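K.L.:
kindly return the folded structure for what I paste below:
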Amino acid sequence: MKRLIEGIRIWDGADRLVEDGAILIDGDTIEAVLTREALSSYELPPSGERIDTSGKLAIPGFINAHTHLYSSLARGMALPGYSPQTFTQILEQLWWRLDKALDAEMVRVSALVGAMEAARCGVTTLIDHHASPHAIPGSLASLRQAVCKEVGLRGAFCYEVSDRDGAKISEQGITENLGFLATKDSQDLLSTGLFGLHASFTLCDDTLDKVARNLPNDVGVHIHVAEGPEDETQCVAEHGLRIVERLERFGLMRPTSILAHCLHLNNEEKDLVADREAMVVHNPRSNMNNAVGTFDLNGFLNKDVLTGLGTDGLGANMLSELFTAALLQKASSRDPLAAPFSALNTLLFRNNPLVGERLFGIKLGRIAPGYPADIVLLDYQPPTPLSAETILGHLLFGISVHTLRVSGLFVAGRPILRDGRFLDLDEEGIYAHAREQAAKLWERAA
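P.N.:
Residues are numbered from 1 along each chain as shown. Purely as a prediction, here's the structure:
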């Protein structure tokens, strides 16, 4: 089916802005981006759908390169005895209590509402890192069903293997990852898999050896790396290696591996990441919230490390995440010129699509012929001139700091949101059920 989105400003995600144009979608792909003049000579087939979006701004769908959908039901939760002094204590007193309390239905609902809220923020692709140690079997298939089938977003999924809950649960996590990877369908361009690992400090050598021996050659790991300083300290004390060196020892530094955070790597580790072409994902708001340190943005970008942006489960608004990344670099360095627009554009609009391309095997992140029709429609009236040169200023200092209003969303040509409403979901019913499940979760985690 052909769809024509017309009467719209279009930013292609790179260097072109069409002031009054149209996007022609054929099935799941963008067939053409038309100017007003070109549109006057185009005739939509009778079976096609014409969508009038006068006054809106179309941009490529956002990719969240590291998130945790299982945290969706934690909003407002207050657990007794929560008084952490270190990052490890935050994990022990909050997140590891929550993930152990999840059951299969809570996992499903967390993914469903998390994906819905991501869609409302213009996110079309989620790279998720899941944990539910007492509800592991089938959890990744449940995530795929909720995110990709019910909501309609793209998703890359993995289960977080860890030894912190014992050998049996660790083995279940390995089995879940391998089983999910075995179900990969080459015709399914909405979902894919990675092999999830928690972090070096919760993984013994035997577990990493088992992962390395069973990991398919074309699959990478998705792991937290040096999020807190204790991760490096423990690795050196117990293994005589720094974290990246340890991962390299087991053959896990791959072009398809995602290393989340990477706050406390030294220069030698950064060089090794660059040499192995692994991907790094920055999560500024989470890092600030956990008080774990400041990311060396220039250090990674200057080494040509493919460095992307994620939320680590702390919301889904990628524009706010990008704005925060800029503020954090400026504040921590006391340099108002830190994190220039060129670096911010690279993070979200160049590198995140490249992360997606490595994982899904398709080009993402552009409104251009031949690209998947992953498109966000924003309600935005610019009070100053809008062009390809000024677009990032509008996204950050207009849409991000004021109100992000996503009126429409398409993923692989499928309309997900129209006029701000989900087309195929009972939003009120889903949220009511989520509140019920959240109440049960909080009681179990207390």
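K.L.:
toward the C-terminus, what is the element adjacent to the worst-scoring helix or strand of the chain on mean pLDDT?
P.N.:
Taking mean pLDDT, DSSP states H and E as the measure, helix 36-39 is the helix or strand of the chain with the lowest mean score, a mean of 91. Proceeding N to C from helix 36-39, the next assigned helix or strand is strand 49-52, under DSSP states H and E.
K.L.:
list the buried ones in that following strand?
P.N.:
Of all the residues in strand 49-52, those buried under the rule 16 or more other CB atoms under 10 Å are residue 51. For the C-beta atoms, the positions are set from N, CA and C on the backbone; glycine is no exception.
K.L.:
what residues does that strand touch?
P.N.:
Among residues not part of strand 49-52, those counted as contacts by CB atoms under 8 Å, 6 or more residues apart in numbering are 1-7, 44, 408.
K.L.:
that older thread, what's the least confident helix or strand of the chain packed up against?
P.N.:
With contacts defined as 3 or more CB pairs under 8 Å, 6 or more residues apart in numbering; DSSP states H and E, helix 36-39 has these neighbours: strand 17-26.
K.L.:
ok, longest helix in this protein?
P.N.:
Longest helix of the chain, by residue count under DSSP state H: helix 427-445.
K.L.:
how far does stretch 208-219 sit from its chain's centre?
P.N.:
With CA atoms, centre = their mean, to the nearest Å as the basis, stretch 208-219 stands 23 Å off its chain's centre.
K.L.:
buried ones in it?
P.N.:
208, 210-211, 215, 219.
K.L.:
cool, and stretch 232-244?
P.N.:
By neighbour count on 16+ other CB under 10 Å, the buried set for stretch 232-244 is 232, 234-235, 239, 242-244.
K.L.:
cool, and stretch 299-315?
P.N.:
For stretch 299-315, burial by neighbour count (16+ other CB under 10 Å) applies to 300-301, 303, 305-315.
K.L.:
stretch 78-89 too?
P.N.:
Neighbour-count burial for stretch 78-89, counted by 16+ other CB under 10 Å, picks out 87-88.
K.L.:
helices or strands next to the longest helix of the chain in the packing?
P.N.:
Based on contacts counted as 3+ CB pairs under 8 Å, 6+ apart, the elements that helix 427-445 packs against are helix 96-101, helix 104-120.
K.L.:
what residues does it touch?
P.N.:
For helix 427-445, contacts defined as CB under 8 Å, 6+ apart pick out 72-73, 75, 77, 79, 97-98, 100-102, 105-106, 109, 112-113, 116, 421.
K.L.:
again with stretch 411-424
P.N.:
1, 3, 25-29, 61, 116, 119-120, 124, 150-154, 189-190, 372-374, 405-410, 427.
K.L.:
can you rerun that using 7 Å?
P.N.:
Contacts of stretch 411-424 with the rest of the structure, by CB atoms under 7 Å, 6 or more residues apart in numbering, involve 3, 25, 27-29, 61, 116, 119, 124, 151-154, 189-190, 372-374, 406-410.
K.L.:
show only the entries of those residues found in helices.
P.N.:
Checked against DSSP H, those include these in helices: 116, 119.
K.L.:
give me the buried entries from the contacts of stretch 411-424.
P.N.:
With burial judged by 16+ other CB under 10 Å, the buried subset of those is 3, 25, 61, 116, 119, 124, 151-154, 190, 372-374, 406-410.
K.L.:
ok, now which ones touch the residue most central in space within the chain?
P.N.:
Note on the chain: the residue nearest the mean C-alpha position is residue 64, at 2.1 Å, using CA atoms, centre = their mean. Taking CB under 7 Å, 6+ apart as the definition of contact, the neighbours of residue 64 are 118, 123, 125-127, 310-311, 316, 318.
K.L.:
residue 272 touches residue 242, doesn't it?
P.N.:
No: in this structure, residue 272 is not within contact of residue 242 by CB atoms under 7 Å, at 9.1 Å.
K.L.:
between the two, what contacts are shared?
P.N.:
Going by CB under 7 Å, 6+ apart, no residue sits against residue 272 while also sitting against residue 242.
K.L.:
stretch 186-205: which residues count as buried?
P.N.:
Taking 16+ other CB under 10 Å as the neighbour-count basis, stretch 186-205 is seen to contain the buried residues 190-203.
K.L.:
what is the rounded mean pLDDT of that stretch?
P.N.:
For stretch 186-205, the mean per-residue pLDDT is 97.
K.L.:
how far does that stretch sit from its chain's centre?
P.N.:
Using CA atoms, centre = their mean, the offset of stretch 186-205 from its chain centre is 14 Å.
K.L.:
start the count at 27 instead of 1 going forward.
P.N.:
Okay, residue one is now 27; in that scheme the one you just asked about reads as stretch 212-231.
K.L.:
follow-up on the earlier one: list the contacts of the least confident helix or strand of the chain.
P.N.:
Here helix 62-65 makes contact (CB under 7 Å, 6+ apart) with 32, 46-48.
K.L.:
can you select the buried ones among those residues for me in PyMOL?
P.N.:
For selection in PyMOL, the members of these meeting the burial criterion (16+ other CB under 10 Å) are listed in this command:
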select buried, resi 32+47+48
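K.L.:
let me see the domain layout of this structure.
P.N.:
Domain ranges of the chain: 28-86+391-448, 88-386, per automatic domain parsing.
K.L.:
so residue 316 sits against residue 114, correct?
P.N.:
No: using CB under 7 Å as the test, residue 316 is too far from residue 114 to be in contact (10.5 Å).
K.L.:
after the strand or helix carrying residue 311, which helix or strand is next?
P.N.:
For residue 311, the enclosing helix or strand under DSSP H and E is helix 310-316. Next helix or strand after helix 310-316 toward the C-terminus (DSSP H and E): helix 323-328.
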